[in-house]
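J.: sequence unknown, structure follows:
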């Protein structure tokens, strides 16, 4: 377990499952299809003794928030909490008695929360679209009839390409797009 936090969402495994679910949900995908994909993509976490519970908790909360809580997932989560299985795992990972008592209260609150149907599904958040263009070269010929520019373009802070544009004053021009970030032109062969 990468993070020791008593909260249900206070560990890396939970966050991986939960965040990946909502990345897909916010792209407009169906919660039932997302759940299947998450269980396939993170099968090793759902099968791992130390990660299984937090994987199920992350998926259960995401399903509950989207009004798609699968009863099989709910029953597994309920059994984990009611049998004390999660606390046994925490004890095996070195949690002291005070930490176990706090975790027990969090587990009980979590089970109570997902046992009552949510009124409305969580709203989808549209992914942000940020475009950024950085001018690397902006040169005008001495006769003011020709212009050469080179720009790097990024979408959501991810490199898209480098573009070069040569324009002549009487019309016409030339465009170059390069998508090999971190490579030199001579290394493309």
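T.: That came through, no problem. Please read these numbers as outputs of a predicted model, since none were measured by experiment.

J.: For residue 19, grab phi and psi.
T.: For residue 19, the backbone dihedrals (degrees, to the nearest 10) come out as phi -70, psi -40.

J.: Adjust the sequence numbering to begin at 45 for everything that follows.
T.: That works, and once the first residue is 45, the last one we named lands at residue 63.

J.: Tell me how many other residues surround it.
T.: Using other CB atoms under 10 Å, residue 63 has 13 other residues around it. To be clear about C-beta, it is placed using only N, CA and C from the backbone, and glycine gets the same treatment.

J.: Give the helix, strand or coil label for residue 157.
T.: At residue 157, secondary structure determined by DSSP: H, G, I helix; E, B strand; the rest coil is helix.

J.: Show the contacting residues for it.
T.: residue 108 (CB atoms under 8 Å, 6 or more residues apart in numbering).

J.: Distance-wise, check it relative to residue 56.
T.: Distance, residue 157 to residue 56, by CB to CB, to the nearest Å: 21 Å.

J.: before we move on, what about residue 198?
T.: 28 Å.

J.: With residue 70 instead?
T.: 21 Å.

J.: Lowest mean pLDDT among the helices and strands of the chain, which one is it?
T.: None of the helices or strands of the chain scores lower by mean pLDDT, DSSP states H and E than strand 217-222, at a mean of 76.

J.: For this structure, give me the ranges with low pLDDT.
T.: Filtered on pLDDT under 70, the chain yields the residue ranges 45-48, 225-233.

J.: What is the burial count for residue 158?
T.: Neighbours of residue 158 using other CB under 10 Å come to 22.

J.: same check, this time on residue 123
T.: So residue 123, with other CB under 10 Å, has 11 neighbours.

J.: which residues does residue 221 bridge with?
T.: Beta-bridge partners recorded for residue 221 (DSSP bridges): residue 207.

J.: Who are the contact partners of the nearest residue to residue 166 once chain neighbours are set aside?
T.: Closest residue in space to residue 166, ignoring its immediate chain neighbours: residue 109 at 4.3 Å, by CB to CB, 6 or more residues apart in numbering. The contact partners of residue 109, by CB under 8 Å, 6+ apart, come to 162, 165-166.

J.: Out of those, which comes closest to residue 90?
T.: residue 166 (22.3 Å; CB to CB).

J.: Could you list the residues in contact with the least confident helix or strand of the chain?
T.: By CB under 8 Å, 6+ apart, strand 217-222 touches 205-211, 229.
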